[in-house]
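Enquirer: Starting from these lines, generate the structure:
(chains A and B)
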Amino acid sequence: DSGVTQTPKHLITATGQRVTLRCSPRSGDLSVYWYQQSLDQGLQFLIQYYNGEERAKGNILERFSAQQFPDLHSELNLSSLELGDSALYFCASSVARDRVWSTEAFFGQGTRLTVV
Amino acid sequence: GNSVTQMEGPVTLSEEAFLTINCTYTATGYPSLFWYVQYPGEGLQLLLKATKADDKGSNKGFEATYRKETTSFHLEKGSVQVSDSAVYFCALSDAGGTSYGKLTFGQGTILTVHP
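Expert: As a prediction, the model looks like this:
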């Protein structure tokens, strides 16, 4: 058990809909990262939050957004869903802080999103 | 930008065979290097890491050495088991700029070990 909790584990929804994925980081970790794993794109970094603030953005679509709350849990919002958004979405957390980049990240079990 | 390239798979081995999965990287600065493993139906688990040149990471019989001169971090195991069947990802942690520890992954290598 990595200590990172993601809910729900599975989600099936229709095209055009909006969903919210939730992540609770390990206790004490301030950084939260979201990754997308798909068959054609592999594992891609989407976005990172540190202590409530957005710090880095990767290949995240405009239809997607995220936030990190004061209790440090994070949510990834996916809207106007398309078939191609079907993927496994991972959340990871780490103790990485300013000027300390090289700590490893701990991953949740992922949320498998299926858009039909 | 940063990138990680893994050997193309899948890799199929018999139990007790020697395993090598090649990984090379391109990065600015001095990244940390990682191997993650994903067992069927599960999330990513850190297998081993190395934070500077010539460091050797090791865990559960797996080893990888950070080679700055060849920009490589190849994963090896002397004798694989059926339970090692999984997907293996090489990754680097961005050590500079405005990215705070985000990971850049290789495409993953599927390993299947037969009894």
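
Enquirer: Say whether chain B is contacted by the helix or strand bottoming out on mean pLDDT in chain A.
Expert: Across the helices and strands of chain A, mean pLDDT, DSSP states H and E gives its lowest value to strand A:53-57, namely a mean of 90. Yes - between strand A:53-57 and chain B, judged by CB under 8 Å from any CB of the partner chain, the touching residues are A:Arg55, A:Ala56. Where you see a C-beta, it was placed from the backbone N, CA and C, and this is true even at glycine.

Enquirer: mind exporting that strand as CSV, just the C-alpha atoms?
Expert: Once non-C-alpha atoms are left out, strand A:53-57 reads as follows in CSV (Å, rounded to 0.1, in the frame of the first residue of the first chain):
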residue,chain,number,x,y,z
GLU,A,53,-0.8,25.9,-6.1
GLU,A,54,-0.4,24.7,-9.6
ARG,A,55,3.3,24.3,-10.3
ALA,A,56,3.8,22.4,-13.6
LYS,A,57,1.6,21.6,-16.5
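
Enquirer: by contact count, what packs against that strand?
Expert: If you count contacts as 3 or more CB pairs under 8 Å, 6 or more residues apart in numbering or on different chains; DSSP states H and E, strand A:53-57 packs onto strand A:42-50.

Enquirer: partners of the strand it packs on in the sheet?
Expert: Strand A:42-50 pairs in its sheet with strand A:31-38 (antiparallel), strand A:53-57 (antiparallel), by DSSP bridges.

Enquirer: ok now it, how far from the chain's centre?
Expert: 7 Å (CA atoms, centre = their mean, to the nearest Å).

Enquirer: Using CSV, write out every CA atom in that strand.
Expert: Extracted in CSV, the C-alpha atoms of strand A:42-50 (Å, rounded to 0.1, in the frame of the first residue of the first chain):
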residue,chain,number,x,y,z
GLY,A,42,1.9,5.6,-22.7
LEU,A,43,2.3,7.4,-19.3
GLN,A,44,2.0,11.1,-19.7
PHE,A,45,2.3,13.8,-17.1
LEU,A,46,-0.8,16.0,-16.9
ILE,A,47,-0.4,18.5,-14.0
GLN,A,48,1.2,19.1,-10.7
TYR,A,49,0.1,20.9,-7.5
TYR,A,50,2.3,21.9,-4.6
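
Enquirer: avg pLDDT for that strand?
Expert: Averaged across strand A:42-50, the pLDDT comes to 92.

Enquirer: show me what contacts the residue most central in space within chain A?
Expert: Nearest to the geometric centre of chain A sits A:Trp34, at 2.8 Å (CA atoms, centre = their mean). A:Trp34 makes contact with A:23, A:45-48, A:60, A:66, A:74, A:76, A:89-92, according to CB atoms under 8 Å, 6 or more residues apart in numbering or on different chains.

Enquirer: ditto for B:Asp94
Expert: Counting by CB under 8 Å, 6+ apart, B:Asp94 has contacts A:Trp101, B:Asn2, B:Ala27, B:Pro31, B:Gly101, B:Lys102, B:Leu103, B:Thr104.

Enquirer: Might you specify the subset of the residues you listed located within strands?
Expert: Under the assignment DSSP state E, the contacts of B:Asp94 contribute B:Leu103, B:Thr104 to strands.

Enquirer: All the strands of chain A, residue numbers only.
Expert: Using DSSP E, strands in chain A cover A:5-7, A:10-13, A:19-24, A:31-38, A:42-50, A:53-57, A:64-68, A:74-78, A:87-94, A:106-107, A:111-115.

Enquirer: Kindly reformat the ones you listed as CSV containing distance to B:Glu8.
Expert: Putting these into CSV (distance: least, CB to CB, whole Å) gives the following:
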stretch, distance to B:Glu8
strand A:5-7, 30
strand A:10-13, 30
strand A:19-24, 31
strand A:31-38, 18
strand A:42-50, 13
strand A:53-57, 29
strand A:64-68, 30
strand A:74-78, 31
strand A:87-94, 21
strand A:106-107, 24
strand A:111-115, 25
